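Chemist: just the structure for this:
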Amino acid sequence: HPMASASTVVLFFALLAAALAKNPRDCEVCIKALDTIRDMAGTQVEDASVVEKKIFEFCKDAKGKDHRFCWYIGAYPSSATYILKEVTGPITRHLPSDVACQRIKKKDAQICDLVYTSTDHNEGEGVAAEDKPIDLKNIDLEKEKVKSLKRILQQKWSDPCKGCVEKADFIKRIRELAKNEL
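Modeler: Model (predicted):
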């Protein structure tokens, strides 16, 4: 039946397009870092030496996934690779950050594997989860681990939750402190 085969073709291409659609979190850390560095360089964004200085400035106090990004591009003496030129070039040429990160990814695929985490889901990397501000509206507290709940209390309110023993105690304390946020 010709109509059935036409709809099958349309369905095939729709599924193909969905499969090829870019993950919105792909290169998330890289894009944010390049945008920040570009902003730091301001009107001198076309000067490669200024951009390189701004990369080092950005990386000096970087934490979490930003620190890992800096390590991957070679901004630290202990870095295993040095691909700063691949980072400064696209910035000085005003390439959009997402395009620049895809090009950098060709040199080091790990660059685009970095994504920010909501709390402590850092896959045991030993990196503090200070990547993004904690948005309690988008966190299901019941699904979080106790370690994550402790970190939320510490980061948002510097509250050690003395007397909290069970997961329910930590959740109750977070809800008490975040009445206006939830």
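Chemist: switch to C-alpha atoms for all contacts and neighbour counts from now on
Modeler: Noted.
Chemist: could you check how far the nearest residue to Lys107 once chain neighbours are set aside is from Trp71?
Modeler: Distance criterion CA to CA, 6 or more residues apart in numbering; nearest residue to Lys107, sequence neighbours excluded, is Ile83 at 7.7 Å. Using CA to CA, to the nearest Å, Ile83 is found at 10 Å from Trp71.
Chemist: and these two? Which one has more around it.
Modeler: Trp71 (20 against 14; other CA atoms under 10 Å).
Chemist: before we move on, the earlier item: wait, the residue nearest to Lys107 sits on Cys70?
Modeler: No - between Ile83 and Cys70 there is no contact under CA atoms under 8 Å: 10.2 Å.
Chemist: touching stretch 72-79 from outside, list them.
Modeler: When contacts are defined by CA atoms under 8 Å, 6 or more residues apart in numbering, stretch 72-79 is touched by residues 55-56, 59, 70-71, 80-84, 87, 108, 110-111.
Chemist: strands - which of these land there?
Modeler: The members of these all map outside strands under DSSP state E.
Chemist: list just the nearest of the residues you listed to Ala100.
Modeler: Among these, Val87 lies closest to Ala100 (CA to CA), at 7.5 Å.
Chemist: tell me how many other residues surround that closest one.
Modeler: Val87 has 21 neighbours, counted by other CA under 10 Å.
Chemist: name the nearest residue to it, ignoring sequence neighbours.
Modeler: Here the residue nearest Val87, using CA to CA, 6+ apart, is Ile104, at 6.8 Å.
Chemist: give the buried residues for the one helix or strand that neighbour maps to.
Modeler: Taking DSSP states H and E as the definition, one finds Ile104 inside helix 97-107. Buried residues in helix 97-107, counted by 16 or more other CA atoms under 10 Å: 97-98, 100-102, 104-105.
Chemist: save those as TSV, and put in pLDDT and distance to Glu142 too.
Modeler: Shown next, in TSV, are these (pLDDT from 0 to 100; distance: CA to CA, whole Å):
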residue	pLDDT	distance to Glu142
Ser97	95	36
Asp98	94	35
Ala100	95	39
Cys101	94	35
Gln102	94	36
Ile104	93	38
Lys105	92	36
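Chemist: dump those residues to TSV, plus distance to Lys145.
Modeler: Below are the buried residues of helix 97-107 laid out as TSV (distance: CA to CA, whole Å):
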residue	distance to Lys145
Ser97	34
Asp98	33
Ala100	36
Cys101	33
Gln102	34
Ile104	35
Lys105	32
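Chemist: can you tell me which of those residues is nearest Gln44?
Modeler: Taking the buried residues of helix 97-107 together and measuring to Gln44 by CA to CA, the closest member is Ser97, at 16.9 Å.
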